[in-house]
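> predicted model and sequence follow; I will ask about them next.
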Amino acid sequence: MTRSSRKARVLRTAPGLYVWVLSWALVEVAASADLKPAPASQEKAQSFGRRFVGLDKCNVCVGTSMCQKLYKGDIRFSPRLSSHAELPPANQRSYLGNLTDDSGTWRPVVLSRLLSPMAQRLYDRHICTSAGHEPSCSVENVLRATPRFQVWTKSHLLLPPMVKCLSAPLLRCPSQRLLDRVVQRYTEVRDVGTVQMKHFSEKDKLRLLYTLAANQHSLVLQMFPGPEGWPFPRYHGSCGRVVVWAGTRPLSSLYSSPLERRADAAYQLLHIAQSLASNSLQFQLYYTSVSAEMFGYAEDCRVFVVDTSTIGVIDLLAAHARDLLPATRSVHPRASPSCVKMSSLSCSPPVTCDLLTCPAMWPGTCLSAQTLASLTAPFSMQHVL
């Protein structure tokens, strides 16, 4: 029997089946065609994703080290949102998500902007208007034309005069060794590990300058990484103006936990303060302000400082360090009338680190007794009775 005769026999014996199979195939083809978004919708989704993470504002951004994972779908905002075309509301500052690696396992992460969306818009407008431009000007063009950035482009080292008047607590008394560590641990460039910026392009320098000016949090996570024993979450990278670090749970969620677990968290808070004050690198880290929202804990119950935007750093090997140290090295000295809040440091008249007294420089230390009392109030026996 020939092939054509067999086909004719099938049509005669089962015409209904043939029509059903043909109809089913056509339906599947049509459905698959509907599932593929039109080029216009794909372009719209990609454009929305760029605006969502702030890539459209680069190079006035943090970096692009995590963009590939974000757009590959290796980072998901929730189990239901598996692609960058499905994004959560853009009016939030931070989001919980999950990150996968080559092993196929998923780890909790936090995706956060350095500033809230409203604060970021005001920040950009201020840069434009302060330079005499329209509020919607190109922030990158304005920053590139500033005298500060012109100095940055010509220097192979990050020098103390180059960060003068930047408001980050990290930079209140910058030593050369501290700034060298900023550059040496800056992972948003390819060649990491050198204190020189010869391999930095102009866009790299602009991104570093923006990060120092906007929010120091991502830089502290890189300078003092959690995997090396520092009480900070692991830094994964950034995409545009969104930073990704290891996920934690808020410390407040422990308030209803058993007493033993809460007591352990309180002990870890005290130990963190001690480790920040005394370490082998001879950098003394201190709180300029303290709140419960600054802390979180991981699945293994380890407590971390999850917001480092208010942490100051003193280089103990610098010449001016002896003038900044308190009379006692106690981690939690009793609060005294001499403990006062630090006044804002303006650039006019100039203020040098040598003129800063201990009470003015160490509000986090002076006020730590009251602050930790408020943090550990939920850990008291009175709370559980």
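That came through, no problem.

> quick one, what contacts residue 110?
Residue 110 sits next to 94-97, 233, 244-248, 306 when contact means Cβ atoms under 8 Å, 6 or more residues apart in numbering. Quick note: C-beta positions are derived from backbone N, CA and C, even for glycine.

> does it lie in a helix or a strand, and which?
strand 106-113 (DSSP states H and E).

> okay, the contacts of residue 110 in JSON lines with secondary structure, distance to residue 207 and pLDDT next?
Putting those into JSON lines (DSSP: H, G, I helix; E, B strand; the rest coil; distance: Cβ to Cβ, whole Å; pLDDT from 0 to 100) gives the following:
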{"residue": "94", "secondary structure": "strand", "distance to residue 207": "20", "pLDDT": "88"}
{"residue": "95", "secondary structure": "strand", "distance to residue 207": "22", "pLDDT": "88"}
{"residue": "96", "secondary structure": "strand", "distance to residue 207": "25", "pLDDT": "88"}
{"residue": "97", "secondary structure": "strand", "distance to residue 207": "22", "pLDDT": "89"}
{"residue": "233", "secondary structure": "coil", "distance to residue 207": "21", "pLDDT": "96"}
{"residue": "244", "secondary structure": "strand", "distance to residue 207": "16", "pLDDT": "96"}
{"residue": "245", "secondary structure": "strand", "distance to residue 207": "17", "pLDDT": "96"}
{"residue": "246", "secondary structure": "strand", "distance to residue 207": "22", "pLDDT": "95"}
{"residue": "247", "secondary structure": "coil", "distance to residue 207": "24", "pLDDT": "93"}
{"residue": "248", "secondary structure": "coil", "distance to residue 207": "26", "pLDDT": "93"}
{"residue": "306", "secondary structure": "coil", "distance to residue 207": "23", "pLDDT": "95"}
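
> just the buried ones from the residues you listed?
95, 97, 233, 244-248, 306 (16 or more other Cβ atoms under 10 Å).

> now these as JSON lines including distance to residue 179?
Shown next, in JSON lines, are the buried ones among the contacts of residue 110 (distance: Cβ to Cβ, whole Å):
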{"residue": "95", "distance to residue 179": "32"}
{"residue": "97", "distance to residue 179": "32"}
{"residue": "233", "distance to residue 179": "24"}
{"residue": "244", "distance to residue 179": "25"}
{"residue": "245", "distance to residue 179": "23"}
{"residue": "246", "distance to residue 179": "26"}
{"residue": "247", "distance to residue 179": "30"}
{"residue": "248", "distance to residue 179": "29"}
{"residue": "306", "distance to residue 179": "25"}
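
> if we can go back for a sec, ok, of the contacts of residue 110, which one's closest to residue 114?
Comparing those against residue 114 with Cβ to Cβ places residue 94 closest, at 10.4 Å.

> give the contact list for the nearest residue to the closest one once chain neighbours are set aside.
Excluding its sequence neighbours, the residue lying closest to residue 94 (Cβ to Cβ, 6 or more residues apart in numbering) is residue 112, at 3.7 Å. Residue 112 makes contact with 93-95, 242-243, 245, according to Cβ under 8 Å, 6+ apart.

> next, count neighbours for residue 219.
25 (other Cβ atoms under 10 Å).

> ok, back up a step: okay, angle between the helix or strand following the strand holding residue 110 and strand 106-113 too, please.
Sequence order places helix 117-130 as the next helix or strand after strand 106-113, per DSSP H and E. Counting by axes from the mean of the first three to the mean of the last three Cα atoms, to 10 degrees, helix 117-130 lies at 40 degrees to strand 106-113.
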